[in-house]
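Participant: 3D model of this:
(2 chains)
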Amino acid sequence: MAKLFTHFRSNAPVIRLSVPFRQALSRLSPVLMLMLSLGCILIGRADQSFDDQMRAGLNDILAPAYMVFATPIQAAEHGTGVIGHLFSLSEENAQLREQNAELLQWQEVAMALQAQNDALKASLHYVPSPMPQYSTGEVVADTGGIYDRSVLVLVPPANGTPQNLVGAVAMDGRGIAGRVVEAGARSARVLLITDLNSRIPVALGASGAPALMAGTNDPDPALIYWSPGQPPAEGAMVLTSAQGGAFPPGLPIGVVHYNAQNDPVVLPLADLDSLRLLRLFSYPDNLPVLTPIPHTKPAATPRHGKR
Amino acid sequence: MARLPASRRRQSIWRQLDAAARWAMPTAMLAFGLFLLGLPLHIPGQALLRPAYAMGCVYFWSLFRPASLPIPLTGLIGLLLDLMGVTPPGLWALLLILLQSATLLSRRRLVPSRFLFTWAAFTGFAAAASLLAWALQSALGLTLLPAWPTGLEILVSAALYPALAAMLVRAHRGPAAVELA
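Facilitator: Numbers count the residues shown, from 1 in each chain, chains lettered A, B, ... in the order given. As a prediction, this is how the structure comes out:
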């Protein structure tokens, strides 16, 4: 066996070194590498921006590659349905016609409400909130780990300066999916609302009672710190709250539900298990000092200087 | 064989290229597999698969073809795993190197033994690495993280290994076999 082993080594394309030196190197390299990786952990711990930069750099390189591989997968997912669809075409058409009629009724209701809303706003001299800038990106990778829930979004580089995207609110077609925690030139990592580190101030129901939505890594984030007198009502709408200034008010998140342990949780509106497209809304003026995620480079603090 | 021993023979450039490609195969396969597991495949528990895959590959190659997976490369793979996910960079590099060192130390006993034994040994190593990951992440985050995902990670690693080994054995005998170049 040992003879065979040296035989492999001689064939291996390594730089030829003297035998004792090579032996010493191979004996030292585990220790050396262990120390290196420990050093890496400590550097990352001391200087958060160092590993943010490394991650953003790697993501920028990987995101287009992910895109190349993700496209045929999506095409296949769409493609497999085609033949099945042919059989249920007439059924589906009937169903769609029915839904269309129903939606047209709702459209009339919506237009009436819009008119009423406009009239009321006009009489109140209501100042509309400014339209946020947004960029749309495709979800190319699921970058979550054991203790985190995040996705990687490929953002076209034409959309403004990339730094603007950090702190942007990510929404799918229905509701809030998460927040951008790190952005490179063409990719952005979105921390989902289900992540253990996610804390979002919310307003509950019509009264807008404040609470905090905390991710638990489970599909449904928990509701905490609601005022004792006003427990969240089952089925109440959960919207973002402007408290803390990290989010603009009134964006839809989900619906209150009491789980088997009788704890209130939020059923997210966004389809977090199969995100495809995300819109990233930047509210540059809304980001205050309290924001947990720095949207500008933190200035060097004396904390990092000496230790 | 009437030919000269391999170390004395002058090899053609194609042969050297072939040998180099075969030598690099395990690392390339490991890195590419990690990349593929990042795609939005919508498999439940996909996040658990990446560390499990990395641990399985490192264990297998350290057992059966240690020359093809030098420790610095393992460190780089670990760093890739960290940077692709959100774990502190260096954490999985550390754990994979520890796993590899432990495997290399117990190699003499593990290689000739039966599959069930190597499987059990892998489960032990993976459990130790996962628990260490949990402890380190808890310590670095200064919060006690829930332990059940770690338990799940250990189960997934153990369940994944036979399938992974079946696949890697083929690679070991075919495209990764440097001696066949």
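Participant: can you give me the strands in the stretch 51-200 of chain A?
Facilitator: Along the stretch 51-200 of chain A, counting by DSSP state E, counting those that start in this stretch, strands occupy A:133-142, A:150-154, A:169-171, A:176-183, A:187-192, A:199-204.
Participant: residues contacting the residue of the stretch 151-300 of chain A found nearest chain B?
Facilitator: The stretch 151-300 of chain A approaches chain B most closely through residue A:274 (5.2 Å), counting by CB to the nearest CB. (C-beta placed from N, C-alpha, C; glycine too.) Shown in contact with residue A:274 (CB atoms under 8 Å, 6 or more residues apart in numbering or on different chains): B:40, B:42.
Participant: could you check the pLDDT of it?
Facilitator: Looking at residue A:274, its pLDDT stands at 80.
Participant: show me the contacts for the residue nearest to residue B:83 when sequence neighbours are not counted.
Facilitator: Spatial nearest neighbour of residue B:83, excluding adjacent residues (CB to CB, 6 or more residues apart in numbering or on different chains): residue A:58 at 4.8 Å. For residue A:58, the contacting residues are B:80, B:83-84, by CB under 8 Å, 6+ apart.
Participant: pick out whichever of the residues you listed sits closest to chain A.
Facilitator: Distances from chain A to the contacts of residue A:58, taken as CB to the nearest CB, are shortest for residue B:83 (4.8 Å).
Participant: ok, the closest one touching residue A:54?
Facilitator: Yes. Counting by CB atoms under 8 Å, residue B:83 does reach residue A:54; the two are 5.9 Å apart.
Participant: overlap in contacts, those two.
Facilitator: What both residue B:83 and residue A:54 touch, as defined by CB under 8 Å, 6+ apart, is the set residue B:89.
Participant: looking at those two, which is more packed in?
Facilitator: In this view residue B:83 and residue A:54 are compared by other CB atoms under 10 Å in any protein chain shown, and residue B:83 has more residues nearby, 22 against 17.
Participant: the host helix or strand of the more buried one vs strand A:150-154, what angle?
Facilitator: According to DSSP states H and E, residue B:83 maps onto helix B:71-84. Relative orientation of helix B:71-84 versus strand A:150-154 (axes from the mean of the first three to the mean of the last three CA atoms, to 10 degrees): 90 degrees.
Participant: what is the burial count for residue B:137?
Facilitator: 19.
Participant: I'd guess it is in a helix, am I close?
Facilitator: Yes. Under DSSP: H, G, I helix; E, B strand; the rest coil, residue B:137 sits within a helix.
Participant: that one contacts residue B:95, correct?
Facilitator: No. Look at residue B:137 against residue B:95 with CB under 8 Å: they stay out of range, at 10.7 Å.
Participant: residue in chain B nearest to chain A?
Facilitator: Ranked by CB to the nearest CB, the top residue of chain B for proximity to chain A is residue B:90, at 3.0 Å.
Participant: contact partners for residue 147?
Facilitator: This is for chain A. Shown in contact with residue A:147 (CB under 8 Å, 6+ apart): A:196, A:217, B:86-87, B:137, B:145, B:149.
Participant: ah, no, chain B please
Facilitator: Applying CB under 8 Å, 6+ apart to residue B:147 gives the contacts residue B:134.
Participant: for residue B:130, see how far away it is.
Facilitator: Distance, residue B:147 to residue B:130, by CB to CB, to the nearest Å: 10 Å.
Participant: check residue A:203 too.
Facilitator: 39 Å.
Participant: ditto for residue B:90
Facilitator: Taking CB to CB, one finds residue B:90 at 17 Å from residue B:130.
Participant: isn't there a strand covering residue A:212?
Facilitator: Yes. Membership of residue A:212 in a strand is supported by three-state DSSP.
Participant: I'd say it and residue A:203 touch.
Facilitator: No. Judged on CB under 8 Å, residue A:212 makes no contact with residue A:203 at a distance of 11.0 Å.
Participant: helices of chain A, residue ranges please.
Facilitator: Taking DSSP state H, the helices of chain A run over residues A:2-11, A:19-46, A:48-87, A:89-124, A:302-305.
Participant: so for residue A:281, which of those helices sits nearest?
Facilitator: helix A:48-87 (19.9 Å; CB to CB).
Participant: what's the local residue count around residue B:138?
Facilitator: Look at residue B:138: counted by other CB under 10 Å, it has 16 neighbours.
Participant: phi, psi for the closest residue to it other than its chain neighbours please.
Facilitator: Excluding the flanking residues, the one nearest residue B:138 by CB to CB, 6+ apart is residue B:145, at 4.8 Å. Dihedral angles of residue B:145 (phi, psi; degrees, to the nearest 10) stand at phi -80, psi 150.
Participant: between residue A:212 and residue A:203, who's got more neighbours?
Facilitator: Each of residue A:212 and residue A:203 has its neighbours counted (other CB under 10 Å); residue A:203 has more, 21 against 17.
Participant: show me what contacts the closest residue to that one other than its chain neighbours?
Facilitator: Excluding its sequence neighbours, the residue lying closest to residue A:203 (CB to CB, 6+ apart) is residue A:241, at 4.1 Å. By CB under 8 Å, 6+ apart, residue A:241 lies in contact with A:201-203, A:208, A:210, A:247, A:249.
Participant: most neighbours of all those, which one?
Facilitator: The most crowded member of those is residue A:202, carrying 28 neighbours; neighbours defined as other CB under 10 Å.
Participant: now the residue nearest the centre of chain B: which helix or strand?
Facilitator: The residue lying closest to the centre of chain B (CA atoms, centre = their mean) is residue B:58, at 1.9 Å. Assigned by DSSP H and E, residue B:58 falls within helix B:46-64.
Participant: circling back to that earlier point, want to try CSV for the strands of the stretch 51-200 of chain A, with mean pLDDT as columns?
Facilitator: CSV is the format used below for the strands of the stretch 51-200 of chain A (pLDDT from 0 to 100):
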stretch, mean pLDDT
strand A:133-142, 84
strand A:150-154, 89
strand A:169-171, 91
strand A:176-183, 88
strand A:187-192, 89
strand A:199-204, 91
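Participant: how about those strands in JSON lines, adding distance to residue B:153?
Facilitator: Below are these laid out as JSON lines (distance: least, CB to CB, whole Å):
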{"stretch": "strand A:133-142", "distance to residue B:153": "16"}
{"stretch": "strand A:150-154", "distance to residue B:153": "17"}
{"stretch": "strand A:169-171", "distance to residue B:153": "27"}
{"stretch": "strand A:176-183", "distance to residue B:153": "23"}
{"stretch": "strand A:187-192", "distance to residue B:153": "19"}
{"stretch": "strand A:199-204", "distance to residue B:153": "25"}
